[in-house]
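*Asks:* let's see this in three dimensions:
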Amino acid sequence: MSILYIGARHLHLPVISMLPILHGFLVLEDERGQTTFSGDHGRGLIGTPLLAYEASYLLEHADRRDVVVLQPAWTQIDAVVVLTSFRTTKARINALGLTYNPLNCNCNTVVTTLVLQAGLELPPPPALFLPGWGRSIL
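*Replies:* I've put the predicted structure just below:
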């Protein structure tokens with residue numbers, strides 16, 4: 001069995017880093033290591049594509065910097081089932097060609113969608129100021 005963490009970190013964009021908005025993300029820990037999932041924008045900000053992503057949760061990954069909270073949310077999950085669901089959902093989100101908006105179509109809506117599509121219960125937000133939390137894209 002594996003662990004799925006939920007986290008929030010400060011934004012790294014100078015334009016909006018002064019706003020009290022946080023970036024939500026998930027970290028799946030299994031026998032292969034740690035993988036982070038969330039959503040981001042393409043080059044630029046408003047008006048750019050919303051891109052769901054999957055990446056190794058390495059020291060140099062942006063989700064490791066300026067973390068406000070990272071806590072286990074699901075401690076006994078089947079990583080293969082969750083990983084398959086996350087990858088399918090990520091592809092579906094990216095195929096929609098949505099436009100990124102820091103207030104309502106963002107990383108937090110991607111995290112919400114990944115969790116719900118995997119059949120997991122959405123926990124309370126891990127921190128304050130997660131706009132879009134609880135809103136599913138699909």
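
*Asks:* C-alpha from now on. contacts and neighbour counts both.
*Replies:* Noted.

*Asks:* what strand or helix carries residue 126?
*Replies:* In this assignment (DSSP states H and E), residue 126 forms part of neither any helix nor any strand.

*Asks:* need the contact partners of the longest helix seen in the chain.
*Replies:* Counting by DSSP state H, the longest helix found in the chain is helix 79-95. The contact list for helix 79-95 (CA atoms under 8 Å, 6 or more residues apart in numbering) reads 1-3, 28-30, 50-54, 110, 113-114, 117-118, 137-138.

*Asks:* repeat for stretch 101-111
*Replies:* Contact with stretch 101-111 is made by 23-26, 37-41, 45-47, 50, 52, 93, 98-100, 130-137, as judged by CA under 8 Å, 6+ apart.

*Asks:* below-threshold pLDDT in this structure: ranges please.
*Replies:* Filtered on pLDDT under 70, the chain yields the residue ranges 13-19, 42-46.

*Asks:* how near is the most centrally placed residue in the chain to residue 106?
*Replies:* Nearest to the geometric centre of the chain sits residue 38, at 2.5 Å (CA atoms, centre = their mean). Distance of residue 38 to residue 106, given as CA to CA, to the nearest Å: 9 Å.

*Asks:* can you pull the contacts of residue 125?
*Replies:* residue 133.

*Asks:* for residue 71, name its beta-bridge partners.
*Replies:* Beta-bridge pairing of residue 71 under DSSP bridges involves residue 6.

*Asks:* all strands of this structure, in order?
*Replies:* 2-10, 22-30, 33-41, 50-56, 67-77 (DSSP state E).

*Asks:* fine by me, we can end here.
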